[in-house]
Structures are given as C-alpha cells and as structure tokens.
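*Asks:* pasting the structure only:
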C-alpha cells in the first residue's frame, strides 16, 4: 500500500477508526499514573493533540533506522525508504515533540533517558491529581 496512495488511504480509512476506538477503550481502563500511547503514525493522524497531553518522539537518524529495519525484516532499503517517505518526516516528528528520547546510542543510555522521562511524567501526573 505504500506504493499506492489511494490504496493506503482506503486501508487507513478502515483501520484508523478501529485503532482509535481501541486506544480510547484502553486509555479509559488504564490504572497507572499516566498512559503512554505507542502510535507509529501519531503525527499523521492530525488530531493527536486532542488525544494526548504530551508527545514523546523516540528519535534515531535515518541511516540507523534503515539498518535496524533491515536487520529485523526482509525488506530492502528501497522498500524501507518508500515506507519512510509515506510517513511524517523526522523533522516533522521532532517539531511536534514535547520530549525526545535519543535511540541512537547504547541500551544503557536509552534506559537512562526513559527513567528520567518516567520521573518527569510521574511528577506531571502528580501535579494534575
């Protein structure tokens, strides 16, 4: 569907309402201090600010992104680039972000960033309670 914009739109018209409804159901059922929506196409949805208070982007340079996708899938670089081209650009995602986690380093560096963000989100949630 990434090669055919009309087919992609048709598929998204079917899936996005279903995904949105399930996401809302899970948000309402959540018991924690805060809820994280892991939405690959959040920025593309257009109404994302109505569904969340903050946007955290897990960022990595495109070269590393391509390398990681190739390592976990059978897709070639051209297919991966076609998928990336159909999505919001890195610049668009970063411009929409309230928080950014850099995923280009070690697992330990990633964990440190996640732990720090958890503390921040917990504090923000406590202020709202």
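*Replies:* Yep, that arrived. The model shown is predicted, which means the values in this text are computed figures rather than measured ones.
*Asks:* any idea of the mean pLDDT for the top helix by length along the chain?
*Replies:* Longest helix in the chain, counting residues (DSSP state H): helix 5-29. Across helix 5-29, pLDDT averages out at 88.
*Asks:* Stretch 121-129 too?
*Replies:* Here the average pLDDT along stretch 121-129 is 92.
*Asks:* List the buried residues of that stretch.
*Replies:* residue 121 (16 or more other CB atoms under 10 Å). (C-beta placed from N, C-alpha, C; glycine too.)
*Asks:* how much distance is there from that stretch to the middle of the chain?
*Replies:* The chain centroid and the centroid of stretch 121-129 are separated by 22 Å under CA atoms, centre = their mean, to the nearest Å.
*Asks:* what's the answer for stretch 117-129, then?
*Replies:* 20 Å.
*Asks:* Stretch 95-112 too?
*Replies:* With CA atoms, centre = their mean, you get 12 Å for stretch 95-112.
*Asks:* What's the mean pLDDT across that stretch?
*Replies:* Stretch 95-112 comes out at a mean pLDDT of 97.
*Asks:* How about stretch 70-80?
*Replies:* 93.
*Asks:* Show residues contacting it.
*Replies:* 2, 65-66, 69, 83 (CB atoms under 8 Å, 6 or more residues apart in numbering).
*Asks:* State the next helix or strand along the chain beyond the longest helix of the chain.
*Replies:* Next helix or strand after helix 5-29 toward the C-terminus (DSSP states H and E): helix 48-51.
*Asks:* Not counting that following helix itself, show me its contacts.
*Replies:* Taking CB under 8 Å, 6+ apart as the rule, helix 48-51 contacts 23, 37, 39, 42, 45, 55, 96.
*Asks:* Tell me how many other residues crowd residue 99.
*Replies:* By other CB atoms under 10 Å, 14 other residues sit near residue 99.
*Asks:* Looking at the contacts of helix 48-51, which gets the smallest pLDDT?
*Replies:* Lowest pLDDT among these: residue 45, 76.
*Asks:* All set, thanks.
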